[in-house]
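In: Quick check, what structure comes out for this input:
(2 chains)
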There are 2 protein chains.
Amino acid sequence: MRPLRIEGFYAICDLPGEAGPEEARQLATKLLRGGASVLQLRQKDASSRRLLANASLLVDLCRGAGVPFIVNDRVDVAVLVAADGVHLGQEDLPLRAVRSLAPTLAVGVSTHTLEQAEEALREGADYIGFGPVFPTSTKKRPDPVVGLEKLAEVCQRVSVPVVAIGGITAANAARVMEAGAAAVAVIGDVVRADDPEGAARRVAQAALQGRGPR
Amino acid sequence: MRPLRIEGFYAICDLPGEAGPEEARQLATKLLRGGASVLQLRQKDASSRRLLANASLLVDLCRGAGVPFIVNDRVDVAVLVAADGVHLGQEDLPLRAVRSLAPTLAVGVSTHTLEQAEEALREGADYIGFGPVFPTSTKKRPDPVVGLEKLAEVCQRVSVPVVAIGGITAANAARVMEAGAAAVAVIGDVVRADDPEGAARRVAQAALQGRGPR
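Out: Residues are numbered from 1 along each chain as shown, chains lettered A, B, ... in the order given. The predicted structure is shown next:
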């Protein structure tokens, strides 16, 4: 297992299905320049071929920036481009299945309750996502909001990095980090900003501020 | 490479995204009872976890029936359930990428022109799909109809089994086989029939009839 450093601003390069390499490169470059310390490619509606092309491009950008690169959902694509990890939702392949296909890939799992978080830990997740911390408009059918208290509880209970997600912005990222998150994942507030690079920078700085000296 | 026998009625178990194991089992059982000689699971809108569960169930049904089992698009799922093969469209992962992930899996490729068919052959496809032979309503944006003459030409030119697809019914399956196809793939005329098992049986018989003595 490659040790995966998960901290600060976990950027999600969320692309519409039809977005090609140029769009992927532009958004990822802005996220990296803005201070992303992890980058995940998420393109749920893309064909496999398009996802592979975009992942192949982004892995190089991330290597150049010294930032771990993670592919959402698709272990086959993660292996093909030699990504650092794959991120699984509760409806994606089970963690054990992914491990059997790709033993050296780091695996993160989205969780929405303490029970799911502990289950992911038992199965050997390298990190977990936890949320939605606040109300979010990015997902069509979001899980119930967990809030900062539940986040703090999960961060205390689990032994792997917790990436907080859901409704996080530059304005609340510091408080989220103070609750014990290792990183904050942000989609909407950054990707749909007029200036994604500036928005990324504000989130990355807020995350650093909330982290404080450890 | 497992040698894959591709002939007769190539049944496509085409399921809506939300269909679970019971629906998958029911449809696959009807297709197999009706005389399917190959079965492909195609569930484009399913979550990865659901697809894995359904594939896992269907692979056992197919083993029991002595029929090859093929997963559409997803090489990861095909490997996890030990399917006989994976079927790739032009927008799925490239054949070479799939081979590198799963060297022992048979691979079929959908093609729509002679050029695509020859390209798939060069890349080492174990069989090709070719069509749409007739107008079809199953696909939202179908490729141009190729017709029986073009099908016959492709069957003569390529050295692997050709699975004809697109608008095929029990009424025209014999003519399609006479054009040189090794198998006929049918979705709409069978899966959306009031009696899928009976419809499958009619297609399988027509395919046998068109095949004649070889």
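In: can you dump the C-alpha coordinates of the lowest-mean-pLDDT helix or strand in chain A into CSV?
Out: Using mean pLDDT, DSSP states H and E, helix A:188-191 stands out as the lowest-scoring helix or strand of chain A, at a mean of 87. Extracted as CSV, the C-alpha positions of helix A:188-191 are listed here (Å, rounded to 0.1, in the frame of the first residue of the first chain):
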residue,chain,number,x,y,z
GLY,A,188,-19.7,23.4,-5.6
ASP,A,189,-18.1,26.3,-3.8
VAL,A,190,-15.0,25.9,-5.9
VAL,A,191,-15.9,24.2,-9.2
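In: So, low pLDDT: which residues of chain A?
Out: Applying pLDDT under 70 to chain A flags residues A:1-3, A:212-214.
In: In it, mark out all the helices, start to finish.
Out: A:21-33, A:48-65, A:75-80, A:95-101, A:114-123, A:147-157, A:173-178, A:188-191, A:196-211 (DSSP state H).
In: Which one, of those helices, ends up nearest to residue B:189?
Out: Evaluated over the helices of chain A, closeness to residue B:189 peaks at helix A:48-65, with 27.6 Å, by CB to CB. Bear in mind the C-beta positions are built from the backbone N, C-alpha and C, glycine included.
In: Show me what counts as buried in the closest one.
Out: If you call a residue buried by 16 or more other CB atoms under 10 Å in any protein chain shown, then helix A:48-65 has these buried ones: A:48-59, A:61-62, A:65.
In: Residue A:185 against residue A:13, yeah?
Out: No: using CB atoms under 8 Å as the test, residue A:185 is too far from residue A:13 to be in contact (11.3 Å).
In: Need the overlap of contacts for these two.
Out: Shared contacts of residue A:185 and residue A:13 (CB atoms under 8 Å, 6 or more residues apart in numbering or on different chains): residue A:40.
In: Quick check on those two: which one has the bigger neighbour count.
Out: residue A:13 (32 against 27; other CB atoms under 10 Å in any protein chain shown).
In: Now do the contacts for that one.
Out: For residue A:13, the contact set (CB under 8 Å, 6+ apart) comprises A:24, A:27, A:28, A:31, A:39, A:40, A:41, A:42, A:58, A:191.
In: wait, which of the residues you listed is closest to residue A:155?
Out: When the contacts of residue A:13 are compared against residue A:155 (criterion: CB to CB), the nearest one is residue A:40, at 19.8 Å.
In: where's the nearest residue to that closest one once chain neighbours are set aside relative to residue A:78, distance?
Out: Excluding the flanking residues, the one nearest residue A:40 by CB to CB, 6 or more residues apart in numbering or on different chains is residue A:70, at 4.3 Å. Here the criterion is CB to CB, to the nearest Å. By it, residue A:70 lies 8 Å from residue A:78.
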